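> Need coordinates for the following:
(one chain, ligands or ions: 1)
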Amino acid sequence: MNLAPQFTHRVADSLLEFIYPPLCISCDRHLEDGSQKVCSLCWNSIERLTEDHPLYLDTKQKLLEAGFLKDVVSTFVFQKEGAFQHIAHFLKYRGYESLGLELGKRLGGVMEEWNIGVDVLVPIPLHKVKLRERGYNQAEMIARGISVVTGIPVGTNIVYRMRHTQTQTKLNLEERKQNMEDAFGVSAQFSSMIEGKTFLIVDDVITTGATINSCAEVLLKNGASKVIAACAALAQKDVAGQ
Ligand SMILES: [Zn+2]
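Residues are numbered from 1 along each chain as shown. Alright, predicted model coming up:
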């Protein structure tokens, strides 16, 4: 029998799905469409942020006080053991990069609702050692999802990470600030493209904002006219590690 390779692959895929039906990564329910890693019930269970949500207002006030950011946009509330935590974990540590795109598309939708426009999307860069380990930058996947919805270009290599910073999970606010000091630099070949532009810095979760402030500071020092922060979820301090 001479079967076309695509056909054999399709048969193998269906057989695998029959033996191991795709399950939602958060609740283990069967998924009708295996390409969706999370079921709609789980997506809908995540609390949405609004422009008058106390967590949003509180975070925005703290971020703007530091003096670098002019606004912040976010989709979800990070809840411990909630579906978002599972999504963030699979995106960051289990190789499910498509979840980043999905989060980004949702964030892009919020940006359109809230009328947030910028010239360029800048994902928080990973250090090259971390990037090699993980294979992709989860913040870049989110930025690509935003770009799909809004059409705003992603500037992947504009900002780079100069140092391999230690994990911030166990650090307090002051320690996080010190940890992030001079953590970012601007690539010489892109420095002329920063002047006068507005940027949206994209990350998965914002807790204290030390990382995003440090990145915003570098863009402003290099002539950016305005920087806005975007993240898939906001967390109360100490709820999520960054
Ligand atoms: Zn589910």
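
> Show me what from the protein comes close to the ion.
Cys24, Ser26, Cys27, Arg29, Cys39, Cys42 (CB under 5 Å from the ion). Just so you know, the C-beta spots here come from the backbone N, C-alpha and C atoms, and that holds for glycine as well.

> ok, those residues vs Leu91, which is closest?
Among the residues of the chain next to the ion, Ser26 lies closest to Leu91 (CB to CB), at 12.0 Å.

> and that closest one, which of the three is it?
coil (DSSP: H, G, I helix; E, B strand; the rest coil).

> where in this structure is pLDDT low?
Residues of the chain meeting the criterion pLDDT under 70: 1-7, 9-10, 12-19, 34, 164-171, 173, 176-181, 237-242.

> Any figure for the gap between the residue sitting nearest the centre point of it and the ion?
In the chain, the centroid-proximal residue (CA atoms, centre = their mean) is Asp204; its distance is 2.9 Å. Asp204 sits 19 Å away from the ion, taking CB to the ion, to the nearest Å as the criterion.

> What distance do you get for that residue to Val148?
17 Å (CB to CB, to the nearest Å).

> so when I look at the residue nearest to the centre of the chain, I'm seeing a strand, right?
Yes - counting by three-state DSSP, Asp204 is part of a strand.

> thought Leu219 was touching Val186?
Yes - the pair Leu219 / Val186 is scored as a contact, 7.3 Å apart, by CB atoms under 8 Å.

> Could you check which of those two has the larger neighbour count?
Neighbours were counted for Leu219 and for Val186 using other CB atoms under 10 Å; Leu219 has more, 24 against 19.

> Run through the residues that contact the more buried one.
Val122, Ile158, Val159, Val186, Ile194, Phe199, Ile201, Val227 (CB atoms under 8 Å, 6 or more residues apart in numbering).

> Which residues belonging to stretch 26-46 are considered buried?
Across stretch 26-46, burial judged by 16 or more other CB atoms under 10 Å covers Ser26, Leu31, Lys37, Val38, Cys39, Cys42, Trp43, Ile46.

> quick one, phi/psi of the fifth one?
Recorded main-chain torsions at Cys39 are phi -80, psi 160, according to degrees, to the nearest 10.

> Likewise for the third one?
Recorded main-chain torsions at Lys37 are phi -80, psi -20, according to degrees, to the nearest 10.

> for it, what are its contacts?
So Lys37 contacts Pro22, Cys24, Ile25, Leu31, Phe90, Tyr96, Ser98, Leu99, Glu102 (CB under 8 Å, 6+ apart).

> Tell me which of those fall in helices.
Residues of those located in helices (DSSP state H): Phe90, Ser98, Leu99, Glu102.

> I'd like the buried residues of stretch 26-46 laid out as CSV, including distance to Val77.
Converted to CSV, the buried residues of stretch 26-46 look like this (distance: CB to CB, whole Å):
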residue, distance to Val77
Ser26, 15
Leu31, 24
Lys37, 20
Val38, 16
Cys39, 19
Cys42, 14
Trp43, 13
Ile46, 7
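
> Max pairwise distance over the residues you listed: which two?
Between all members of the buried residues of stretch 26-46, the farthest pair (by CB to CB) comes out as Leu31 and Ile46, at 16.9 Å.

> Scan the ones in helices among the contacts of Lys37 and report the most crowded one.
Busiest of those [other CB under 10 Å] is Leu99, holding 27 neighbours.
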